[in-house]
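**Q** 3D, please:
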Amino acid sequence: MAQSFDVPLQSRIVDDKSPICIPFILSRIETYQKQHPNTSRPFIIGLNGVQGVGKTTLVRALAETLQSREGLPTLVVSIDDFYLTHADQLALAAANPDNQLVQYRGEPGTHDIPLLTSFLSSLTSPFPPEGIHVPSYDKSLFSGLGDRAPPSTWTHITSPPKIVIFEGWLVGFRPLSPVALEAKYCSPTSKTLHRHLPAHLMFINSCLEKYQLIWDQFDAFVHVDAEDLGWVYEWRIQQEQGLRREKGVEGGMTDEQVRKFVDCYFPAYELYIDGIRNGVFGERKKACQLRLVVGRDRAVKESLVI
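**A** Purely as a prediction, here's the structure:
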């Protein structure tokens, strides 16, 4: 198994996704512009991809193509940059000491929703003459626990983008009803849900409600899915080992530590991935979501518009 990790990760991820995504996005932009001919509001794309699937490679390719080839100024925003401050994350963990889902950043409830809402509002309102600062989060601070980067280091944009790509592993997740959550919990196919109390799962489910007004601002959605969600463990291990080889980082996470790390995220995959697959817009918007299904090699096996 170790031999399969000998080639750095980035050299093994081939971008076969952006050639499928770009025509879909351009088609949605054309429709949007016809419906809103005089708007200055940017076109907002939500993008969800499981960890290690090549999301960063895809987002970079999309942004470069839209900006350079299509002449559409594009801003990439990651939900990771809106995590709670270190102090606020510690307070959340202390207030819920038995809930392992919120002892570390990642799950619904560990993001600064007021900051994110305010930031998106500044993008969708008339662009301020002084420009906008894009928040940033430094995951290396506090021995890897992370903290918000100083505002003086945030990227300053001075002109309005035409396109915003808002990406993240939980982007688009919709909360479940108590009945639906219980059914997931009791399902014999559950892999990690039974490791947590139903009340703890309900806590993150209730926190997810606060994200919905953000998702509702999306004009299109791209979902990079996996035929088997279990591959996320293997991909994340490859990601960690590839990073250590490329950067010369010592003392990174062991394979077992990576598995435990992914375990923190996997309950949300189990709870909410079906909602993404069925379509984040429901009946409100048709043909506005693109789903790419990849195999173990991360290559696209199927694509469909929802």
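
**Q** count of neighbours near the closest residue to residue 124 other than its chain neighbours?
**A** Spatial nearest neighbour of residue 124, excluding adjacent residues (Cβ to Cβ, 6 or more residues apart in numbering): residue 41 at 5.1 Å. For the C-beta atoms, the positions are set from N, CA and C on the backbone; glycine is no exception. By other Cβ atoms under 10 Å, 17 other residues sit near residue 41.

**Q** next one: phi and psi at residue 41?
**A** Dihedral pair for residue 41: phi -70, psi 140, per degrees, to the nearest 10.

**Q** gap between the two ends of stretch 274-293?
**A** 13 Å (Cα to Cα, to the nearest Å).

**Q** buried set for it?
**A** Neighbour counts over stretch 274-293 (16 or more other Cβ atoms under 10 Å) mark 275-276, 279-281, 285, 288-292 as buried.

**Q** run through who's touching it.
**A** Stretch 274-293 is contacted by residues 17, 20-21, 24, 28, 46, 48, 172-174, 176, 215, 218-227, 300-306 when judged by Cβ atoms under 8 Å, 6 or more residues apart in numbering.

**Q** how about stretch 227-237?
**A** Contacts with stretch 227-237, where a contact means Cβ under 8 Å, 6+ apart, come from 5, 50-53, 191, 226, 255, 258-259, 261-262, 266, 269-270, 273, 293-296, 298, 301.

**Q** and if you look at stretch 121-138?
**A** By Cβ under 8 Å, 6+ apart, stretch 121-138 touches 40-42, 44, 75, 77, 80-83, 115, 119, 146-149, 151, 153-161, 164, 217.

**Q** mean confidence score for the helix or strand containing residue 274?
**A** Assessed by DSSP states H and E, residue 274 sits inside helix 255-278. The average pLDDT within helix 255-278 is 91.

**Q** which parts of it are buried?
**A** 255, 258, 261-262, 264-273, 275-276.

**Q** those: which two are farthest apart?
**A** Greatest spatial distance in those: 255 and 275, 30.5 Å, computed using Cβ to Cβ.

**Q** ranges for the strands of the chain?
**A** With strands called from DSSP state E, the chain shows them at 43-49, 74-78, 132-134, 137-138, 147-148, 155-157, 163-167, 220-226, 289-294, 300-305.

**Q** where do the helices sit along this protein?
**A** 9-12, 18-35, 55-64, 86-95, 113-124, 178-186, 198-208, 212-215, 231-247, 255-278 (DSSP state H).

**Q** what's around residue 76, how many residues?
**A** The number of residues packed near residue 76 is 19, by other Cβ under 10 Å.
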